[in-house]
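Undergrad: Provide a 3D model corresponding to the input given below.
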Amino acid sequence: ELLPMAEYEGWVSWGYGTSHYFAIEYVSGGRDQFKHFVKACHQRGIAVILDVVYNHYDHEAERAEWAFDSDTPEKNIYYWYEGNASDYPNANPEGSGGYIDNMSTGYAPRFWDETVRQLFISSAAVLLLDFHVDGFRVDQTTSIHSYPVIHANGASADNAKAFGVKFLRQWARTMKLVKPSSFLIAEDHSGWDAVTQHPDEGGLGFDSVWYADFYHHLMGDTDKGSDYAKLIKTAALADNRPLAMDYFAGALSAADPHKVVYSESHDEAGNSEFSARSIKVAVNRAPLEGETRTYAEARCRVAVALAFLSAGIPMFFMGEEVGAQKDYRYDDFMSFREDFQYLKEHESRQLYKYYSDLIHFRTERPVIQQGGLELVHVHNANRVLGFLRQKEQESFLVLASLNDAPFD
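TA: Prediction:
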């Protein structure tokens, strides 16, 4: 799964702030090299999922759509403006009061306009037809259908939300029409069941959603409160206190084939406040030397196995398989690159082999991919959890321990 490939401003970026939806970023090789990349992946049996972004907008960006025909806000051809500028004389003297904040960045586009919706829809269809990508992850869909508010006063922008739903449903229908096999993932934090329901049933039409609560219960190195288990972060305190295994067990039980589960992502690998790479979180950022590294890798093995052996769709972030240590941050990630090949062959060779074996184990056993999950044991004080993965006559018992000592 790739971060966004649409042309964006500057070159040290993750690519999420874009306006050039039909162009491929030139520093990544442009159109031809991207086609070659996708083809090379397919030749090796690897599907390519691409991030697309319809919620991050910087109104200072080099964008022709901004004030193209008129500098009157309500006539902006790209951004949603609620009412007229004269409706907000005191709140925003610049006339920005009627724009829609989507709690992401910038303002929301005017999804009521068919041409704006088609701009996004057609650009995604091109990626399926001309570049042969296998599916998409749509960034922060909650900002499109759930979060919008009016900039001037924070009032719920109900019209914008309704047309956001219309856009997402229309987008998903088109992707399935153009390429029925395409796999559509929403980064959605609303908990709305309709996100993965068929449009004919009132849903948005996505195949799966990112299950962020799984991460927060499992790794938990951001700013979430005590209502999350935060297993690895708490285990890293090394005082053998009880862990909220029962909280995580609830998240584990809720994982299903419509949820993408993970122990790390690009947002939480050093970019979000307090977050870091898993191997550093596992020992509270202590230097990875001697016995400390042993504990770090052991806790990382538990974390990734709980994702890979769950009933959800497992995902891991690049570099996790070789114990990458440096924070992955939005603005300066190029300055903190690591030699993955070197790590694979040297200090992280055992961790890499574990990932490889775990992937093979999952892909070779239908019961792990498709079977049900039944909790059989949860003990907070002992820091252990057990569950069964079952399908027809086959079953596997999975036991996980974050205890700092072995059991007799």
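Undergrad: in the sheet, who's paired with residue 259?
TA: When assigned by DSSP bridges, residue 259 has beta-bridge partners residue 209.
Undergrad: need the contact list for it.
TA: Taking Cβ atoms under 8 Å, 6 or more residues apart in numbering as the criterion, residue 259 is in contact with 208-211, 214, 312-313. Yep, even glycine has a C-beta here, placed from its N, CA and C like the rest.
Undergrad: Strands of the stretch 301-408 of the chain, start to end?
TA: Taking DSSP state E, counting those that start in this stretch as the test, the strands found in the stretch 301-408 of the chain are 313-315, 372-379, 384-391, 394-401.
Undergrad: strand partners of the first one, parallel vs antiparallel please.
TA: If I follow you right, that is strand 313-315. When pairing is defined by DSSP bridges, strand 313-315 lines up against strand 259-262 (parallel).
Undergrad: in the strand it pairs with, what's buried?
TA: Within strand 259-262, the residues that count as buried by 16 or more other Cβ atoms under 10 Å are 259-262.
Undergrad: Could you dump these into a markdown table with distance to residue 123 and pLDDT added?
TA: Below are the buried residues of strand 259-262 laid out as a markdown table (distance: Cβ to Cβ, whole Å; pLDDT from 0 to 100):
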| residue | distance to residue 123 | pLDDT |
| --- | --- | --- |
| 259 | 27 | 98 |
| 260 | 23 | 98 |
| 261 | 29 | 98 |
| 262 | 27 | 98 |
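Undergrad: so where's this structure shaky on pLDDT?
TA: Under the criterion pLDDT under 70, the flagged ranges of the chain are 9-12, 58-65, 91-93.
Undergrad: Where is the longest helix in it?
TA: In terms of residue count, the longest helix belonging to the chain (DSSP state H) is helix 158-178.
Undergrad: can you list contacts of it?
TA: By Cβ under 8 Å, 6+ apart, the residues outside helix 158-178 that reach it are 54, 80, 82, 100, 108, 110-112, 117, 120-121, 124-125, 128-129, 136, 138, 141, 144-146, 148, 182, 184, 186, 199, 203-206.
Undergrad: Could you do stretch 294-301 as well?
TA: The contact list for stretch 294-301 (Cβ under 8 Å, 6+ apart) reads 232, 235-236, 238, 263, 278-280, 282-283, 288, 320, 323, 350-351, 354, 402, 404.
Undergrad: Name the nearest residue to residue 283, sequence neighbours excluded.
TA: residue 296 (4.5 Å; Cβ to Cβ, 6 or more residues apart in numbering).
Undergrad: ok, how many other residues are close to that neighbour?
TA: Other residues near residue 296 number 25, with proximity taken as other Cβ atoms under 10 Å.
Undergrad: which SS class is it?
TA: Local secondary structure at residue 296 is given as helix here, using DSSP: H, G, I helix; E, B strand; the rest coil.
Undergrad: next one: the one 3 residues further on
TA: Secondary structure state of residue 299, per three-state DSSP, is helix.
Undergrad: Kindly report the same for residue 274.
TA: Judged by three-state DSSP, the three-state class of residue 274 is coil.
Undergrad: For residue 222, see how far away it is.
TA: Shown here: residue 274 relative to residue 222, a distance of 6 Å by Cβ to Cβ, to the nearest Å.
Undergrad: more neighbours, those two?
TA: Higher neighbour count among residue 274 and residue 222: residue 222, with 18 against 13, using other Cβ under 10 Å.
Undergrad: pretty sure the more buried one is in contact with residue 271, am I right?
TA: No: Residue 222 lies out of contact with residue 271 (Cβ atoms under 8 Å); the separation is 10.0 Å.
Undergrad: tally of neighbours for residue 331?
TA: 11.
Undergrad: Give me the distance between it and residue 85.
TA: According to Cβ to Cβ, residue 331 and residue 85 sit 34 Å apart.
Undergrad: Over to residue 27?
TA: 38 Å.
Undergrad: Kindly report the same for residue 161.
TA: Using Cβ to Cβ, we find residue 161 at a distance of 22 Å from residue 85.
Undergrad: what do you get for residue 335?
TA: 43 Å.
Undergrad: again, but for residue 6
TA: Taken as Cβ to Cβ, the span from residue 6 to residue 85 is 31 Å.
Undergrad: if you count what's nearby, which of those two comes out ahead?
TA: Set side by side, residue 6 and residue 85 show more neighbours around residue 6, with 21 against 18, by other Cβ under 10 Å.
Undergrad: Nearest spatial neighbour of that one, chain-adjacent residues omitted?
TA: With sequence-adjacent residues excluded and distances taken as Cβ to Cβ, 6+ apart, residue 6 is closest to residue 18, at 4.3 Å.
Undergrad: And for the closest residue to residue 264 other than its chain neighbours, the neighbour number?
TA: Nearest residue to residue 264 in three dimensions, chain neighbours excluded: residue 317, at 4.3 Å (Cβ to Cβ, 6+ apart). Look at residue 317: counted by other Cβ under 10 Å, it has 19 neighbours.
Undergrad: ok, residue 317 - contacts?
TA: 262, 264-266, 269, 328.
Undergrad: Apply 6 Å and report the result again.
TA: For residue 317, the contacting residues are 264-265, 269, by Cβ atoms under 6 Å, 6 or more residues apart in numbering.
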